[in-house]
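Student: coords please:
(one chain, ligands or ions: 2)
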Amino acid sequence: MAKVPPPGTPSLVLGIETSCDETAAALVVRNPDGSGGILANKVLSQIDDHAPYGGVVPEIAARAHISHLDRLIKEALAEAGKTLGDLDAIAATRGPGLIGGLMVGLTMAKAIALGTGKPLIALNHLEAHALTVRLTDRVAFPYLLALMSGGHCQLLWVENVGAYKRLGTTIDDAVGEAFDKTAKLLGLGYPGGPAIEKCARAGDPTRFALPRPLKGRPGCDFSFSGLKTAVRHALETAETKPPSAQWLADLSASFQAAIADILAERTGHAMTALADQGRLSEKTGERRFVLAGGVAANLALRQRLSRVADEHQFTLFVPPPSLCTDNGAMVAWAGAERLAQGLTDPLTVGPLARWPLDPDAAPASTPAKGTGVKA
Ligand code: KG4
Ligand code: ZN
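Tutor: Residues are numbered from 1 along each chain as shown. Ligands and ions are numbered 1, 2, ... in the order given. The predicted model follows:
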C-alpha cells in the first residue's frame, strides 16, 4: 500500500500532463487549509512540430512526449529544490486525450509511484482544468465552469472534487477547434485562436452576417460547424483572390463576434437554468463563474462573458493564461485535491481516450461526429 500523508500536513505532488500537444511536469504544494502554491511548472509546447500540419498529429505528439518528459520532470524537481523522495503523490492525466501521449505520461507516473512507494493519482484532464481556479483564486464550491479549449467546449456545474454535472457540451467541434479550422481556411496559421484574435482587431465584426448555430434553441449545448461552413462559403465567393488584409480582418472579426454570441447565449441559459433549479445562492458574491481552457485567453470573448456574468449577478474568475492552457500544475493541483480526500488509484489503471467528467450526462443534442480529440 502506498503511503498517504497524514491529515494536517502539506502535500507535495508531481503533476504530469501528456494528453495532447503539451509535455508538462510541475510540482505543487497544497496546505491543509486548502491554499497552495506552484514550486515549478515546466511546459514544453509542441506547436512548432504540429504547425506545418495545421493541427495536432498524434504520433508526433507521442514521440515528443517520450523525448522530453523525463528531462522536464528532472528540471521541475531541480527548480523546486526537491527530490523524488520528497513527493507525497504522483499525479498524471489518465484521459481523455490522445492515447499514445496518455500512455507515456501515465506509465512514467506509475514507474515513479512504484519506485518511491508513493500513491498514484490518475486523473481526468477536465477535472484538472476545472479545479485550477481553486489554486489561483481559492474559489469555493460550487461554481459554474466554462471549459473552452481545442478539445473541449463544455459548461459544467462543479460541486466538489469528483462531483461534476455537465450542463452542456458541443455537438460537433470544440470552440478552439473552430478557431483552428477557420484560421487554417483563412491561411492565418496555427494555433488559430491567437491568430484570429489578432487579425480581428483591425476588422469590422458587422461586415459578414455569419450564422449562430442553435441560437434561440433551449439548452446549453454548442454547435460551431455551420459557422465554419459559412466562412468557407464567404472565402469561395470573395470578390478578390487572395482576399485583401481588410477583408480577412473583417471576416475574422465577424467570426469572433459569432463565437462570442454563441458562448454568451448558451452560458446565459446555463445561469438561468441553475437559478431555476434553485442551485444558486442569493448571497452576493456566492454565484461564481469560472473560465478555463486556452480559448479563455481571448480578450474579446472574456469581455463578452464578463458582461453575461454581470447580467446574472455572477462573479467571474479566470486563471492566468499560462494556467488556462494545458500545463502540469493543474494536474498536480487536482492530484493534491484528490489526495486530500484520500482518492488514489491502483497501478493497474490504464489510459482512457474518452472519459466524460460527468458519466451521467445526457448525450449532446445530436451525436458528436468524433471531431474533438479529448472528450
Ligand atoms: O487548453 P489548450 O491549450 O489545449 C487544449 O486542451 O486544447 O487550448 C488550445 C486551444 C487552441 O484551439 C487555440 O486556438 C485556442 O485554445 N486559443 C485561443 C486563443 N488562444 C488559444 N482561441 C481564441 N483566442 C485566443 N486568444
Ligand atoms: Zn486541456
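Student: so what's whichever residue of the stretch 101-250 of the chain sits closest to ligand 2 up against?
Tutor: Closest residue of the stretch 101-250 of the chain to ligand 2, CB to the ion: Ser149 (4.6 Å). Glycine gets a C-beta too; all of them are placed from N, C-alpha and C. Neighbouring residues of Ser149 by CB atoms under 8 Å, 6 or more residues apart in numbering: His129, Ala174, Val175, Gly176, Ala292, Gly293, Gly294, Val295, Thr325, Asp326, Lys374.
Student: Strands of the stretch 151-300 of the chain, residue ranges please.
Tutor: Using DSSP state E, counting those that start in this stretch, the strands assigned to the stretch 151-300 of the chain run over residues 153-160, 163-169, 288-292.
Student: Any idea which of those gets closest to ligand 1?
Tutor: Closest to ligand 1 of the strands of the stretch 151-300 of the chain, according to CB to the nearest ligand atom: strand 288-292, at 7.9 Å.
Student: Next, the angle from that closest one to strand 153-160.
Tutor: If you take axes from the mean of the first three to the mean of the last three CA atoms, to 10 degrees, strand 288-292 sits at 130 degrees to strand 153-160.
Student: Which residue, other than its chain neighbours, is closest to Val57?
Tutor: His50 (5.8 Å; CB to CB, 6 or more residues apart in numbering).
Student: nope, Val175 is what I was after
Tutor: Using CB to CB, 6+ apart, the closest residue to Val175 is Cys153 (4.4 Å).
Student: what do you get for Arg232?
Tutor: In space, and not counting its chain neighbours, Arg232 is closest to Leu185: 5.8 Å by CB to CB, 6+ apart.
Student: can you check Gln313 too?
Tutor: Nearest to Gln313 is Arg287, by CB to CB, 6+ apart, at 5.6 Å.
Student: which residues sit in contact with the one you found?
Tutor: With contact taken as CB under 8 Å, 6+ apart, Arg287 is in contact with Met271, Leu280, Ser281, His312, Gln313, Phe314, Thr315.
Student: same thing but at 6 Å, please
Tutor: Taking CB atoms under 6 Å, 6 or more residues apart in numbering as the criterion, Arg287 is in contact with Leu280, Gln313, Phe314.
Student: tell me which element the second one is part of?
Tutor: Yep, that's Gln313 we're talking about. Assigned by DSSP states H and E, Gln313 belongs to no helix or strand.
Student: what about it, how many neighbours?
Tutor: 14 (other CB atoms under 10 Å).
Student: What's the separation between it and ligand 2?
Tutor: Relative to ligand 2, Gln313 is positioned 29 Å away (CB to the ion, to the nearest Å).
Student: One more: Ala273?
Tutor: Ala273 is 25 Å from ligand 2, by CB to the ion.
Student: Now stretch 341-357: buried residues?
Tutor: Within stretch 341-357, the residues that qualify as buried by neighbour count (16 or more other CB atoms under 10 Å) are Thr344, Asp345, Val349, Pro351, Leu352, Trp355, Pro356, Leu357.
Student: And stretch 139-154, by the same measure?
Tutor: For stretch 139-154, burial by neighbour count (16+ other CB under 10 Å) applies to 139, 142-154.
Student: How about stretch 195-208?
Tutor: Neighbour-count burial for stretch 195-208, counted by 16+ other CB under 10 Å, picks out Ala195, Ile196, Glu197, Cys199, Ala200, Gly203, Pro205, Arg207, Phe208.
Student: Can you sort out which of the residues you listed also neighbour ligand 1?
Tutor: Residues of these in contact with ligand 1 (CB under 6 Å from any ligand atom): Glu197.
Student: Tell me which of the contacts of Ser149 has the lowest pLDDT.
Tutor: Least confident of the contacts of Ser149 in the model: Lys374, at 37.
Student: elements contacting the helix or strand hosting Asp70?
Tutor: Using DSSP H and E, the element containing Asp70 is helix 58-80. Judged by 3 or more CB pairs under 6 Å, 6 or more residues apart in numbering; DSSP states H and E, helix 58-80 is in contact with strand 22-30, strand 36-45, helix 99-116.
Student: That helix: what's the following helix or strand?
Tutor: Note on helix 58-80: by DSSP H and E, the next helix or strand toward the C-terminus is strand 89-95.
Student: ok, and what's touching that following strand?
Tutor: 13-17, 19, 102, 105-106, 109, 112-113, 118-123, 125, 331-332, 335, 339, 351-352, 355.
Student: are any of those buried, and which?
Tutor: 13-17, 19, 102, 105-106, 109, 112-113, 118-123, 125, 331-332, 335, 339, 351-352, 355.
Student: sorry, back to before: just the ones in strands from the contacts of strand 89-95, please.
Tutor: Those of those mapping onto strands are Val13, Leu14, Gly15, Ile16, Glu17, Leu120, Ile121, Ala122, Leu123, per DSSP state E.
Student: which one of those residues sits closest to Asp70?
Tutor: Ile16 (10.5 Å; CB to CB).
Student: where's the closest one relative to ligand 2, distance?
Tutor: To ligand 2, Ile16 is 14 Å away according to CB to the ion.
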